[in-house]
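Chemist: Here is a sequence with its predicted model. Questions after.
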Amino acid sequence: MLNPRHFLDIDKCDENNLRVILSRATSIKGSEAGVDYSDLLAGRTLVMIFEKPSTRTRVSFQVAMQQLGGMVVVMGEKDSQLGRGETIADTARVLSRYADIIMMRTHDHAKLLELAAYATVPVINGLTDRSHPCQIMADIMTFEEHRGPIRDRTIAWVGDGNNVSHSWIHAASQFGFKLRLACPASLQPNEDIVSKARANGARIIIADTPEIAVKDVDLVVTDTWVSMGDANADQRRQILLPFQVNDNLMAAASDQALFMHCLPAHRGDEVTNSVMDGQQSVIWDEAENRLHAQKGVLAWSLS
């Protein structure tokens, strides 16, 4: 493939292509007009590389590819020569001869970029320490299913300024919604990512408190306080305690506000049970839509 359609970050795709992905995801989910998508990717093979453990990413991608008629090969860190010194570039060249598309979940974003630079087939970002674009595609799909177009709506991110928050920042400029972020001073999102998004037209506010961030918003989003590989877990919890999403905080949002969390959640830390299981929570629809949004990504990348 001369110009493979990589899906590396939301800010690397224009809004038109992002909308094509979501439209295809919605069509496949609903099987509109009786169209059968079960052989859409028949004869195609997806290789998945996991250098970080996963539940939702692994299962949703594998099921997505199989339900579209394709085949899947899963490689853990101990299953490939990457863990024994083979370069990313050489791995990319070899896998491109075997497979039609590659998904990578890794710590180092630079590894993903190197894989894409040397692969001659599409590469998908299944998560890095810098971003998590597939999650936000599922989140936007979920919001629009419940509340209609996300353009000009207001979204609040509360908690750690992590990789998922970065993809929300990317999405703010591409999808045209307003984004407020409330994060501790020591856990702010990457300044360069924020600056570039603003330069690209994103309407982003860094709020002083969670209460300011969530006031009258249409969606409240959070994530786990302690991710894989994070040090000083107890210290992080103390810093983030004022940023817990609870009933009092949700009460400051719009009456019609939704709550999302990409999961896994640590109930009682970043979010209370009453919010997780409350009427405003759409976390299970959100989790399901990882399957459908990734079908959209796979179909777009291989079209």
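Modeler: Cool, got the structure.
Chemist: mind listing the strands in the chain by residue range?
Modeler: Secondary structure of the chain (DSSP state E): strands located at 45-50, 71-76, 101-105, 123-127, 154-158, 178-182, 203-206, 219-222, 258-261.
Chemist: what packs against the fifth one?
Modeler: To tie it back to what came earlier, the one meant is strand 154-158. When contacts are defined as 3 or more Cβ pairs under 8 Å, 6 or more residues apart in numbering; DSSP states H and E, strand 154-158 sits against helix 163-175, strand 178-182, helix 210-214, strand 219-222. C-beta: built from backbone N, CA, C; applies to glycine.
Chemist: so what secondary structure elements neighbour the shortest one?
Modeler: Here strand 219-222 touches helix 133-147, strand 154-158, strand 258-261, going by 3+ Cβ pairs under 8 Å, 6+ apart.
Chemist: Need the strands of the chain in JSON lines (columns: distance to Asn16 and mean pLDDT).
Modeler: Below are the strands of the chain laid out as JSON lines (distance: least, Cβ to Cβ, whole Å; pLDDT from 0 to 100):
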{"stretch": "strand 45-50", "distance to Asn16": "25", "mean pLDDT": "97"}
{"stretch": "strand 71-76", "distance to Asn16": "29", "mean pLDDT": "95"}
{"stretch": "strand 101-105", "distance to Asn16": "21", "mean pLDDT": "98"}
{"stretch": "strand 123-127", "distance to Asn16": "19", "mean pLDDT": "98"}
{"stretch": "strand 154-158", "distance to Asn16": "21", "mean pLDDT": "98"}
{"stretch": "strand 178-182", "distance to Asn16": "21", "mean pLDDT": "98"}
{"stretch": "strand 203-206", "distance to Asn16": "20", "mean pLDDT": "98"}
{"stretch": "strand 219-222", "distance to Asn16": "23", "mean pLDDT": "99"}
{"stretch": "strand 258-261", "distance to Asn16": "25", "mean pLDDT": "99"}
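Chemist: Format these as a markdown table; extra columns: mean neighbour count.
Modeler: Converted to a markdown table, these look like this (neighbours: other Cβ atoms under 10 Å):
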| stretch | mean neighbour count |
| --- | --- |
| strand 45-50 | 22 |
| strand 71-76 | 16 |
| strand 101-105 | 27 |
| strand 123-127 | 27 |
| strand 154-158 | 27 |
| strand 178-182 | 22 |
| strand 203-206 | 16 |
| strand 219-222 | 28 |
| strand 258-261 | 24 |
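Chemist: returning to what we had before: show me the one of the helices and strands packed on strand 219-222 that comes nearest Ala252.
Modeler: Proximity to Ala252 (Cβ to Cβ) singles out strand 154-158 among the helices and strands packed on strand 219-222, at 9.3 Å.
Chemist: ok, now which ones touch the nearest residue to Asp11 once chain neighbours are set aside?
Modeler: Using Cβ to Cβ, 6 or more residues apart in numbering and skipping residues adjacent in sequence, the residue nearest Asp11 is His170, 4.0 Å away. By Cβ atoms under 8 Å, 6 or more residues apart in numbering, His170 lies in contact with Asp9, Ile10, Asp11, Ser131, Pro133, Ile136, Ile193, Ala197.
Chemist: make it 7 Å
Modeler: Asp9, Ile10, Asp11, Ser131, Ala197 (Cβ atoms under 7 Å, 6 or more residues apart in numbering).
Chemist: where's Pro122 relative to Ala116, distance?
Modeler: 8 Å (Cβ to Cβ, to the nearest Å).
Chemist: what about the two, which has more around it?
Modeler: Shown here are Pro122 and Ala116; by other Cβ atoms under 10 Å, Pro122 has more neighbours (26 against 22).
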